[in-house]
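> sequence first, predicted model second:
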Amino acid sequence: MDHTTIESQGLVERYHRGLLPPDEEAEFEEHFVDCSQCMEQLELARGLQRGLKTMATEDAALFPASLGAKAAASSSTSVSIDQVVTK
């Protein structure tokens, strides 16, 4: 397996997301174990995923569920064309 194929087919990302068929996954694993470039890319993808999960958890803690329900209810308020024209 060469880097041209890995990059053109997005194998690092597909591997990280669990989207490779078993035979292709095994072939990629054989390659990346000895490839510092692919290992680094895979670690970056994993780190990004962990960072995004952490941010989502922190954001959820800052935005209580009760506020989320109130915001959703207020954003669904609609105005009829008659109300807009008469104002």
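On my side now, so go ahead.
> for this structure, longest helix please?
The single longest helix within the chain, with elements called by DSSP state H, is helix 36-62.
> name the helices or strands packed onto that helix?
Judged by 3 or more C-beta pairs under 8 Å, 6 or more residues apart in numbering; DSSP states H and E, helix 36-62 is in contact with helix 3-8, helix 11-16, helix 22-32. Where you see a C-beta, it was placed from the backbone N, CA and C, and this is true even at glycine.
> in that helix, which residues are buried?
38, 41-42 (16 or more other C-beta atoms under 10 Å).
> that helix - what's its average pLDDT?
For helix 36-62, mean pLDDT is 76.
> give me the angle between it and helix 22-32.
Helix 36-62 and helix 22-32 are oriented at 110 degrees to each other (axes from the mean of the first three to the mean of the last three C-alpha atoms, to 10 degrees).
> now the phi/psi pair for residue 21, please.
Taking degrees, to the nearest 10, you get phi -60, psi 150 for the backbone angles of residue 21.
> re earlier: redo the buried residues of helix 36-62 as CSV? Include distance to residue 13.
CSV is the format used below for these (distance: C-beta to C-beta, whole Å):
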residue, distance to residue 13
38, 11
41, 9
42, 9
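> quick one: contacts for residue 57?
Residue 57 makes contact with no residue under the criterion C-beta atoms under 8 Å, 6 or more residues apart in numbering.
> from residue 50, how far off is it?
Look at residue 57 and residue 50: by C-beta to C-beta, to the nearest Å, they are 11 Å apart.
> please apply the same query to residue 1.
Per C-beta to C-beta, residue 1 is found 26 Å from residue 50.
> any idea how far the nearest residue to residue 12 once chain neighbours are set aside lies from residue 3?
Among residues not flanking residue 12 along the chain, residue 41 sits closest, at 4.6 Å (C-beta to C-beta, 6 or more residues apart in numbering). Separation of residue 41 from residue 3 (C-beta to C-beta) stands at 10 Å.
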